[in-house]
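Participant: Below: sequence and its predicted model.
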Amino acid sequence: MCTAQTLAKQTMSTPNSLLTLKTTLGILTARNNTFILHQDSRNGVTITLPLNFSLVRYSRDLEPLHSQIVMKSVIKTICPMTHISENAIFVASDDGECKLLDWNGHAWMEVSNELAIGVDRVVVADAVSSAACVVTKDHHLGIVDVHEKPCTEIQYQLIVRKLDENNHGIATWMDEGGKRLLTVNGFKSRLLSPDLDLIHEVEQLVPPKESSRRDPLCFAVCATSNPDQPNGHTKRGRVAVAFEEQVVRVFEYNESSNKIRIASEFILEGGGHIRSIRFDGHDSLWVDTGKRKLERYTWDADGRALCIGELTLPLSYTHLLAMYDGGLFAGDESSLFHMNTRTNESVSRSFHELTCCGIDFDSQGQHIVAGDFVGNLILWDKIKNCPAQQTKVPNTAVRSIQWKTGTSRIYAGCMDGSVFLWDHQSLQNPKRVLSCRGGIAALQWEHGEDPHRLAAGTTDGQLVIAEEVQNDDGSSFFKINVAIHAHRPFRLGQTDQRFGSIQQYAEVWSVAWSPCNNFIATASEDQSIVIWDAHNGDKIHLFSGHATAVTSIDWRSYEEGEFLVSTADDNRVMVWKRNSPQEDKKNQWTLFEQFNVSSTITCSYLKLRRKSPMIIVVSTNGLLSLFDIVGKRLIYRKKVHSGSIEGLQWNGNTDEIATVSSDCSINLMQYNEEGEQEHQF
């Protein structure tokens with residue numbers, strides 16, 4: 001049987017793709033509300049969860065039994081299609097890519113061509129019998145009716161219909177045969193035919209407050225109580241839906257009258273935010289409010305809800321994933337959890353905690369190091385797809401990471417103003433080697449095979465350049481050469497409305513060395529970029545043009561010229577080209593090009609490719625975009641994380657790209673030179 005480590009390298013991406021995902025590292029749980037339970041004689045009950053582009057199957061001991069890349073974009077939802085086989089599933093991605101896959105005991109095999117259903121941003125999917133339904137954020141409902149011929153050829157029929165804006169929350173089948181579809185939002189609920197014709201509708205009982213959202217948060221279908229078939233035929237006819245303001249609504253379908261009714265509707269007591277709801281094998285409903293406690297409800301014939309039990313989980317907060325007779329799977333921000341509900345024995349698995357932030361490669365490209373807001377530093381072996389070493393900086397969050405070229409020395413910039421050194425070969429704990437005012441928002445070693453100067457940008461607007469000096473005994477210390485208040489607010493009356501650090505300072509969010517190491521650039525929330533003399537801190541040049549905080553910059557030289565690039569909260573990328581003396585003796589720089597990434601997101605980081613003038617830009621909604629500077633065009637765009645991307649590196653030797661996210665996962669991608677002419681959006 002293949003191991004999870006080797007299977008994680010398999011990919012179903014096309015060979016000519018400009019960027020190919022090589023692997024995803026970590027565990028993704030809290031942002032998931034989609035799963036599949038399995039039962040087999042060898043492993044017992046297992047759970048399959050999406051991890052960005054991959055599917056990962058875990059045992060009850062939370063050992064990864066199998067991991068495989070199956071999609072070309074972030075998986076949004078998965079659901080079983082047992083009429084094809086006991087292990088067939090329907091998979092839908094964030095950009096509308098859909099596939100049918102089947103587990104053959106060793107790997108997920110594609111049993112249909114890609115179902116290009118033409119809908120974007122899948123919200124939820126549900127499958128029963130031979131049909132799957134998907135709901136999109138642009139108010140479309142798609143029905144994929146799948147047929148299997150005797151020769152095992154898979155065919156499908158697609159119905160896509162625009163729904164009115166008051167009927168776009170969730171959709172799920174009410175019966176086992178796929179004949180009736182329930183759609184629910186905060187205003188009314190409708191029973192539809194497979195052709196999406198209206199059969200019956202009911203109004204809500206508890207009106208939401210004016211300030212609350214009308215969209216449902218999550219839903220649960222009453223499942224079979226047979227523990228030997230956790231994914232067997234679903235006992236349809238009862239669906240529970242949770243809304244804001246702690247409202248839970250339970251629907252029932254009467255086949256004889258062909259109508260739906262609200263069997264119970266109640267408001268939970270106390271605070272909290274409903275994260276998930278699940279029926280157990282006894283038709284009672286478990287509600288997870290994220291407060292480490294699960295509450296069990298039933299209701300009488302008059303619809304009055306009764307709390308008949310509760311269960312406390314040893315997690316920072318809960319996100320109930322799945323329940324079966326005798327156990328449950330749950331998670332929090334960064335861990336996966338299983339509990340035997342008969343014995344209360346539990347096991348958990350985690351890597352990074354809270355938000356991952358900061359990432360870098362070693363010189364050879366064999367390892368990746370990433371940090372997080374809890375202070376963890378994890379050295380990942382990207383060949384074996386597992387942690388090689390792990391440590392923790394004390395009492396602070398990691399914001400940025402730099403691996404010194406040609407060494408085993410990793411430097412972590414932290415939010416308490418410290419720079420910690422972790423020499424992973426020495427097996428010693430990280431030690432503080434530099435302290436600055438304000439948190440370290442950016443770190444950057446100067447260029448070269450043997451760099452000595454480290455630049456830091458801080459949250460109180462400082463630029464610090466420190467030189468590493470070697471002692472006779474082989475140890476080293478940092479001598480500060482430059483420490484200046486690089487970005488101060490421009491006073492417009494009493495306050496400066498252009499950035500958030502009122503009247504005090506403008507945070508430095510990014511730094512970049514010039515190709516010759518004589519200058520350094522800083523980017524700030526005051527919307528400006530400044531070039532400084534790296535030896536004495538003199539101000540050389542000021543760039544303006546961004547309308548909001550500048551979040552990231554980079555600086556490289558090519559045959560085509562020397563470029564400084566920037567991105568900002570205004571969703572733009574600006575490309576500045578340095579003029580030669582013959583071109584312009586007065587102006588050192590010219591705005592060469594501007595790119596608009598999107599109108600709805602914030603760009604967080606960017607990097608230039610070492611070998612040719614290309615820019616990769618990532619954003620707070622998990623989007624990755626690639627631009628050709630000379631060609632002045634966007635050549636690739638894809639959502640690669642379910643959370644905000646909080647770290648980016650482009651390895652100049654291997655052409656590998658690493659991203660790290662608030663979803664506590666790491667993506668490793670390969671840039672393919674032969675795919676440069678391919679447009680993927």
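Facilitator: Arrived safely.

Participant: From now on I want contacts and neighbour counts done on CA atoms only, so please keep to that.
Facilitator: Noted.

Participant: how much space is there between the closest residue to T391 other than its chain neighbours and K392?
Facilitator: Leaving out its chain neighbours, the residue that sits closest to T391 by Cα to Cα, 6 or more residues apart in numbering is L377, at 5.3 Å. Distance of L377 to K392, given as Cα to Cα, to the nearest Å: 6 Å.

Participant: the more surrounded of these two?
Facilitator: Between L377 and K392, L377 has the larger neighbour count (other Cα atoms under 10 Å), namely 28 against 18.

Participant: hang on, isn't the more buried one packed against I359?
Facilitator: No - at 9.6 Å, L377 does not count as touching I359 under the criterion of Cα atoms under 8 Å.

Participant: where's the residue nearest to T391, which helix or strand?
Facilitator: Element membership of L377, judged by DSSP states H and E, is strand 376-381.

Participant: Ok, H83 next?
Facilitator: Here H83 is assigned to no helix or strand, by DSSP H and E.

Participant: before we move on, what about L191?
Facilitator: Going by DSSP H and E, L191 is in strand 188-192.

Participant: What strands flank that strand, and is each parallel or antiparallel?
Facilitator: strand 181-184 (antiparallel), strand 198-203 (antiparallel) (DSSP bridges).

Participant: In CSV: those, plus mean pLDDT.
Facilitator: Shown next, in CSV, are those (pLDDT from 0 to 100):
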stretch, mean pLDDT
strand 181-184, 80
strand 198-203, 84
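
Participant: For those, state which one has the densest average packing.
Facilitator: Most buried of the strands paired with strand 188-192 by mean neighbour count (mean count of other Cα atoms under 10 Å) is strand 181-184; its value is a mean of 22.

Participant: Could you export it as CSV, keeping only the C-alpha atoms?
Facilitator: C-alpha atoms of strand 181-184 as CSV (Å, rounded to 0.1, in the frame of the first residue of the first chain):
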residue,chain,number,x,y,z
LEU,A,181,-34.6,19.4,-3.7
LEU,A,182,-34.7,21.7,-0.7
THR,A,183,-33.3,25.2,-1.0
VAL,A,184,-33.1,27.4,2.0
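
Participant: Check the offset of it from the chain's centre.
Facilitator: 28 Å (Cα atoms, centre = their mean, to the nearest Å).

Participant: now swap in stretch 549-562 and tell me
Facilitator: Averaging C-alpha positions (Cα atoms, centre = their mean) puts stretch 549-562 27 Å from its chain's average.

Participant: what sits up against that stretch?
Facilitator: For stretch 549-562, contacts defined as Cα atoms under 8 Å, 6 or more residues apart in numbering pick out 498-499, 509-515, 521-529, 563-570, 577-578, 603-608, 610-613, 630.

Participant: contacting residues around R609?
Facilitator: By Cα under 8 Å, 6+ apart, R609 lies in contact with I615, I616, W650, G652, D655.

Participant: W299 against L306, yeah?
Facilitator: Yes - under the criterion of Cα under 8 Å, W299 makes contact with L306 at 5.5 Å.

Participant: Settle it for me: which of those two has more neighbours?
Facilitator: More crowded of W299 and L306, by other Cα under 10 Å: W299, with 18 against 12.

Participant: What score does the more buried one have for pLDDT?
Facilitator: W299 carries a pLDDT value of 87.

Participant: ok, now A523?
Facilitator: Reported pLDDT for A523: 96.

Participant: Neighbours of it, how many?
Facilitator: Based on other Cα under 10 Å, the number of other residues close to A523 is 32.

Participant: measure the closest residue to it other than its chain neighbours to T458 for me?
Facilitator: Nearest non-adjacent residue to A523, counting by Cα to Cα, 6+ apart: I529, 4.6 Å away. Distance of I529 to T458, computed by Cα to Cα: 15 Å.

Participant: who has more neighbours, those two?
Facilitator: A direct count of neighbours by other Cα under 10 Å for I529 and T458 places T458 higher, at 29 against 26.

Participant: Now that that one has come up, it's in contact with A442, right?
Facilitator: Yes - counting by Cα under 8 Å, A442 is a contact partner of T458 at 7.0 Å.

Participant: Mutual contacts of these two, please.
Facilitator: Common contacts of T458 and A442, defined by Cα under 8 Å, 6+ apart, comprise V508, W509.

Participant: Go ahead and confirm V287 touches D280.
Facilitator: No - V287 is not in contact with D280 according to Cα under 8 Å; the separation is 10.8 Å.

Participant: For the strand holding L191, the averaged confidence score.
Facilitator: Strand 188-192 comes out at a mean pLDDT of 81.

Participant: Also stretch 263-270?
Facilitator: Across stretch 263-270, the average pLDDT comes to 81.

Participant: what comes into contact with that stretch?
Facilitator: Contacts with stretch 263-270, where a contact means Cα under 8 Å, 6+ apart, come from 205-206, 245-252, 299, 302-305.

Participant: rerun at 7 Å
Facilitator: For stretch 263-270, the external contacting residues (Cα atoms under 7 Å, 6 or more residues apart in numbering) are Q246, V247, V248, R249, V250, F251, E252, W299, G303, R304, A305.

Participant: Understood, closing this out.
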